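Participant: coords please:
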Amino acid sequence: MTICAGLDFNLLGQDLLLLPQKAIYWKQEKALIAADVHLGKVGHFRKAGIAVPRDLEQTDLSELSDLVYEHKPAKLIFLGDLFHSDMNADWEWFRMWRQQHKKLEIHLVRGNHDIINDQHYIDLDVFLHDDMHIGPFLMLHHPLTEAKLETAQAYAFCGHIHPGVHLSGKGRQSVTLPCFAFGDRQAVLPSFGRFTGRVAIRHQKTDKIFGVLKDKVIAIG
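Facilitator: Numbering: from 1, shown residues only. Sure thing, here's the model as predicted:
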C-alpha cells in the first residue's frame with residue numbers, strides 16, 4: 001500500500017512531514033507523532049449498549065502499521081489518550097499490534113483518558129511520561145495556557161482538543177476539516193482516531209493552519 005506523501009513543514013530548523021493520516025513524521029528524530037488515538041472507545045461504547053462498528057479499532061491500528069511500514073520510524077510518540085478508558089477486549093488488538101512491531105520504540109505522554117494501570121504498558125515495552133522534552137520540542141497532551149507558554153522552555157506539541165478548521169464556500173456549503181494548528185509557541189495535532197469528533201478552533205492571524213483532506217494536507221492560513 002502506498003501512503004500519501006504529506007506536506008513538508010520546517011519548524012525551528014526541524015523537518016516535519018504533515019500526513020493526511022493525521023500524524024507527523026519528524027525526519028531528524030525518525031519519529032512518528034500522533035495524538036488521541038482513543039483505542040478501546042469502540043468497546044467502551046458497545047459495553048454501554050451503543051451500536052458501533054467493531055472494525056474501527058483495527059482500522060486505526062492498520063493505519064498505524066501502514067505509516068510504520070512507509071516511513072520506518074525509530075520511535076512512535078503518542079500525545080495522550082492512546083486508550084480511551086478502562087481495560088476492555090480491545091486491548092488485545094493493541095497487544096497483538098505491539099507484538100508485530102517489537103523493534104519500534106514507543107512513548108506515551110499520558111492523557112486524561114489514559115487510566116489503565118501503568119504495568120500493562122510496561123509489559124508491552126511502552127515508555128510512559130507526563131511530558132517529554134526532545135530536541136527543541138516539549139511533548140504534552142493538554143495544550144498549555146498562554147501564561148504557561150510565556151515561561152515554557154521549548155515549543156509545545158499537544159493534542160486533546162481534536163482541532164478542526166471551518167471552511168465556507170459558495171451556496172452555503174461548509175465543512176469542518178481536522179487540522180494541524182501551529183502557533184508561535186505551540187502546535188495542536190488533530191486526533192488520529194477515526195471514532196472521534198473535531199471542534200473548530202479560533203486561531204490568531206499569525207498561526208499556520210493546515211487542513212487534512214482524505215489524501216493530502218493543505219495550507220489554509
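Participant: alpha carbons only for contacts and neighbour counts from here, please
Facilitator: Will do.
Participant: Helix or strand with the lowest mean pLDDT in this structure?
Facilitator: In the chain, no helix or strand scores lower on mean pLDDT, DSSP states H and E than helix 41-47, which sits at a mean of 47.
Participant: Now the element after it, going C-ward?
Facilitator: helix 56-71 (DSSP states H and E).
Participant: is it true that Arg110 touches Gly80?
Facilitator: Yes. Between Arg110 and Gly80 there is a contact at 4.7 Å, judged by Cα atoms under 8 Å.
Participant: Between the two, which is the more surrounded one?
Facilitator: For Arg110 versus Gly80, neighbours defined as other Cα atoms under 10 Å are more numerous around Gly80 (30 against 21).
Participant: Could you measure from the closest residue to the more buried one other than its chain neighbours over to Asp207?
Facilitator: In this structure, Gly80 finds its nearest non-sequential neighbour in Gly111, 3.9 Å apart by Cα to Cα, 6 or more residues apart in numbering. As judged by Cα to Cα, to the nearest Å, Gly111 and Asp207 stand 25 Å apart.
Participant: Can you work out which residues contact both of Arg110 and Gly80?
Facilitator: His141 (Cα atoms under 8 Å, 6 or more residues apart in numbering).
Participant: Doesn't Arg98 belong to a strand?
Facilitator: No. Read with DSSP: H, G, I helix; E, B strand; the rest coil, Arg98 is helix and lies in no strand.
Participant: Tell me, how many residues neighbour the residue nearest to it when sequence neighbours are not counted?
Facilitator: Nearest residue to Arg98 in three dimensions, chain neighbours excluded: Leu124, at 7.0 Å (Cα to Cα, 6+ apart). Leu124 is flanked by 15 other residues according to other Cα under 10 Å.
Participant: same thing with the one 10 residues further on?
Facilitator: Applying the criterion other Cα under 10 Å, we find 10 residues in the vicinity of Ile134.
Participant: quick one on the thing from earlier: so Gly111 and Asp207 - more neighbours on which side?
Facilitator: Counted by other Cα under 10 Å, Gly111 and Asp207 do not tie: Gly111 has more neighbours, with 25 against 16.
Participant: Does the more buried one touch Asp131 like I think?
Facilitator: No. Between Gly111 and Asp131 there is no contact under Cα under 8 Å: 9.9 Å.
Participant: For those two, list the residues in contact with both.
Facilitator: Residues touching both Gly111 and Asp131 (Cα under 8 Å, 6+ apart) are His141.
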